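> the sequence isn't on hand, but the structure is:
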């Protein structure tokens, strides 16, 4: 037992490094009285170090901590994505003007960020329901506070309260679902659940109820209809950097968890059918359920985004819609489905972070988040304007940007699995999404700046470096994406693919 | 045919010369406008030279269409290959370019019109750098579509055109440019999504057996999609005359019909034309519309011969409506640009009618009409542009007696107008004649009704000539200057082509005859 | 009737009754106290389920900790007027319908389900076994729970403290 | 029926938990006072916990159920602490903890 614990620790370096970084930040925060982003740089170092140790683990496939945590390529992929997002978020945070008033508490900000990262990394690798719930709550609790970090502003406070209320309720419901699932199967880890359910079950109704309840919690985290209503308020109220991490990292983590949970628990051990789709444990219709949710998310997200003026709110609805697209991949779940989700998330990371980043840069300089006030910004800040255009075009899914490849791949997976109606909705909604994305572009370029603000906006070199770090992958992935496909494919071996 | 410069194939140069130009332009300082213009002219000039080389050495006897061996200037590199997955097989996307008789004329047209467009853009003053960068990106997209033989590549080039066009209309256009730009964008984007879904369905239905490894490989290769033997069993689009094949054909057809534009998908065109700046109108009418008919010929016809034959009457009927409707609408316009826009709809209808005949005559006539119409509308839009530059007016009733003030201009413009009317001896006549002859063989009544469109065309063009060029010159127009050297440069090559092809169309017909006959056989034998 | 049966019904009624009072009471202070009784009832049910340690934890953490927190919350967020203790109830009808439906459905399913009952012998004490598990199989959740509490403390302090006067300049909105 | 009533088993405990759960849901859905909503959440968590402990008593699950119950209590405590801190902050900003009065963000 001790041996296994010790061995497990040796497989757990990335998480341990982040925990240690958290401790170092606490100490540093006590010692250093200057109000600057030192702690942020420490956390950045921690993330990078964790990323390096993560790379050393690539290719391993084992179960540690008494089957609580799976160290496998699938979790490595998601952890790499999460750490990458975390690094970008820190780079955003150190430039954020919103945080300036809170410099005396900035240490806490980074502590919570570290906690959130730890939670998310465990979310994607947990194979035990308790561990999964703990990680889920660790992520949630840190993000509740982070959303309200700029607590002097009313809207930040309000969004954090809404977030914790919706979050607490939905995680409570999810927990109830877990308890039912555990009761039916008598197992607390997902492999045990699968074993207990293998070959059909007599408790189909109860199981479906429990899945419904679990979906409430997970749907909340990925912000998918009908559990999305928190997202617009929270994104609008939260500091941009936190809105970005919620839109990207927290979604990535939730998808990792969702895929692992559903594909391991409810897939019949028989594996694939002739047509290449998964055999689902008899009597459980979770994939139809998810399909409907995906369709609703696409429809509602895109249609509501049409009439938003606050750009963060618009991006929130757009991210709901994107959750719908990604969920399509989960619905299919056949090998292509999962790898298409992973590809989508990878590209989504760059394009969505990029959009949030430019929004933050503009907010720093102009203090506005209103799309109407973006008029003429393309002329005042050419580089940033072009970059935002490219990010939004990529979010729409027009080639030759990464967003197109992501959509292509996920649509392709859906077509090949025969979910034609879902693809048709997705295609239609992509057209709708064009309207609101292009509106921002139109405002930036087709109108002259207001007379009070015609001077060009200058950004420092540093912010441009970060911008290019997001822009280049977005464009490059639209043209050459073979390595990403390989990476995603190699990462799903754990499902026997 | 092998031809390469520095080890890079001629088609790659052709497609990416504008991109190189764009990158250079982006690095030039804003102020240095002339350098920017000359770079753009250089990039498109190189294209013209390359197109000339292609014209000279193109082997007129090769079949093309569905036979990979007989394509010319082939460049094929593996672009994205992902190794085997059990139920999907290997994924393969190629960088696959090639020319056959169908595309060669379009490539030549594109290079000419692109250069003319640069020349007529010379006096654009607003955001010169952005304008030319977007312009060159647009040219790359168009050229790419004409030479791509991989559906994925085709799609990428197809969609690359969208954004530059949106900005070019939306930023440099007329008063209602914003509306026109977004309308254009949405129409084409809707079509694009339809094409994307069809492309995916095709991809999963088509798998060829790799001779080297014996693996089953899914592919975007358009030529493989034409071979019925490559369709996997149980694929969505496998089989002949299935509902899904009809649906797929229809989705593609709608996409291309939007671009052509065929009635009832045409409503974006008048808006876009009216609001677009002159050079963009030239590009739009001269090349962009041809992408639609080209797409039908390259993708719809050979990949879905069964569905093509099934829908052929439908297509011919739409073409007929377009011809008549376009001509009637043109008659009713009092805006010069709108008039040409509607006449484009009418003329593109003739193209569709010709190719819908599914015989060699009609097909040759149709493709030739594509080329001719490109040249002719370019002249017409340039003509409008010249007047608009001088007077800032486009209304037909705003002018009169221009012939007295600008005799040389009038002469050139009238040649263009007579060519549009189909006057024998000018190029429009030849292609329209062929198209109608071919169509008459296939559908008597539709053709007969369509021919009345020609009469309407004649009347509105003559009426326009009368209103604009003849009669008394209004007071305010008495100080108009005749053409400048730059304007001559834009006009003369096109006028020469109009006359040359009117008298002796053989060089153009020779280029495509073999391929198109083969295409006709291919469709009529059911693939 | 056995003692356990009587106790079960007694505790159940306390739990559910107090919970109902909590939900339907108009006065938030009453609600808080009702919640306390409900939580104590739940703890007693745990005892009936042989979970003595959990019952003790329930009493300590819930009744001793969380409830006090809630009461503090109530006190700090009202200005002492009884008027403010009133809580408003909205969408009563849809909420009740939904809740009743959920309860009915769950009860129906629970009754219908054929549970695999395996009689467990009454353990003398669970603390030792739980402790061994905590240090064995559950070592990771144990540690992560520690981090979770640390984060929660940081977060709670961050949110609850007022900023010192010299730094608290309101943001421009 | 009487027999069934007289021998409280797994189902009985589950029924208690179901009722508790729906009461919690009721509070969450119908109350506008933030603290009341949080109390409703506590009821939901407790009902889940009853399930866990009941399963651990009556099925093969064993002590794992109790273990999970223990952790849930810890999580609930952490969540409640953060939630009430956030509520305090809200009160400082808005002078109210009524959900209807706290609605700057809409659209």
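Arrived safely, thanks for sending. Keep in mind the model is a prediction, meaning the values are calculated, not measured.

> alpha carbons only for contacts and neighbour counts from here, please
Fine.

> residue numbers of chain A in contact with chain C?
Applying CA under 8 Å from any CA of the partner chain, one finds that chain A approaches chain C through A:1-2, A:65-66, A:68, A:101, A:105, A:108, A:111-112, A:115, A:130-131, A:134-135, A:137-138, A:141-142, A:145, A:148-149, A:151-153, A:184, A:203, A:205-206.

> list only buried entries from these.
Burial by neighbour count, 16 or more other CA atoms under 10 Å in any protein chain shown: within those this picks out A:65-66, A:68, A:101, A:105, A:108, A:111-112, A:115, A:130-131, A:134-135, A:137-138, A:141-142, A:145, A:148-149, A:151-153, A:184, A:203, A:206.

> contacts for stretch A:390-407, please.
Residues from elsewhere that reach stretch A:390-407, judged by CA atoms under 8 Å, 6 or more residues apart in numbering or on different chains: A:325, A:340, A:343-344, A:347-348, A:351-352, A:354-355, A:430, A:433-434, A:437-438, A:471, A:473-479, A:481, B:156, B:159-160.

> pull up the distance across that stretch, start to finish.
Start and end residues of stretch A:390-407 are separated by 16 Å (CA to CA, to the nearest Å).

> pLDDT on it, on average?
The pLDDT scores in stretch A:390-407 average 91.

> again, but for stretch A:356-369
Mean pLDDT, stretch A:356-369: 91.

> now residue 323, nearest residue through space, not along the chain?
The chain I'm using is chain A. residue A:224 (6.1 Å; CA to CA, 6 or more residues apart in numbering or on different chains).

> was after chain B, sorry
residue B:346 is the one closest to residue B:323 (CA to CA, 6+ apart), at 3.9 Å.

> in which helix or strand does the one you found reside?
Taking DSSP states H and E as the definition, residue B:346 sits inside helix B:336-356.

> can you name the next helix or strand after that helix?
Of the helices and strands lying after helix B:336-356 in sequence (DSSP H and E), the nearest is helix B:360-391.

> packing partners of whichever helix or strand comes after that following helix?
Counting by DSSP H and E, the element after helix B:360-391 in chain order, helix or strand, is helix B:402-405. For helix B:402-405, the elements it packs on are helix B:407-421, judged by 3 or more CA pairs under 8 Å, 6 or more residues apart in numbering or on different chains; DSSP states H and E.

> and the helix or strand harbouring residue A:383, what's buried?
Using DSSP H and E, residue A:383 sits within helix A:382-396. Neighbour counts over helix A:382-396 (16+ other CA under 10 Å) mark A:382, A:384-396 as buried.

> so where do the helices sit in chain D?
Secondary structure of chain D (DSSP state H): helices located at D:2-6, D:10-30, D:34-58, D:63-94.

> so what's the model's average confidence on the last one?
This predicted structure assigns helix D:63-94 an average pLDDT of 91.

> try the shortest one
Throughout helix D:2-6, pLDDT has a mean value of 79.

> that helix close to chain C?
Yes - judged by CA under 8 Å from any CA, helix D:2-6 comes into contact with chain C through residue D:6.

> and residue D:98, how many neighbours does it have?
Residue neighbour count, defined by other CA atoms under 10 Å in any protein chain shown, stands at 19 for residue D:98.

> then the one 3 residues further on?
A total of 11 residues lie near residue D:101 under the criterion other CA under 10 Å.

> repeat that for residue B:34.
By the measure other CA under 10 Å, the count of residues near residue B:34 is 11.
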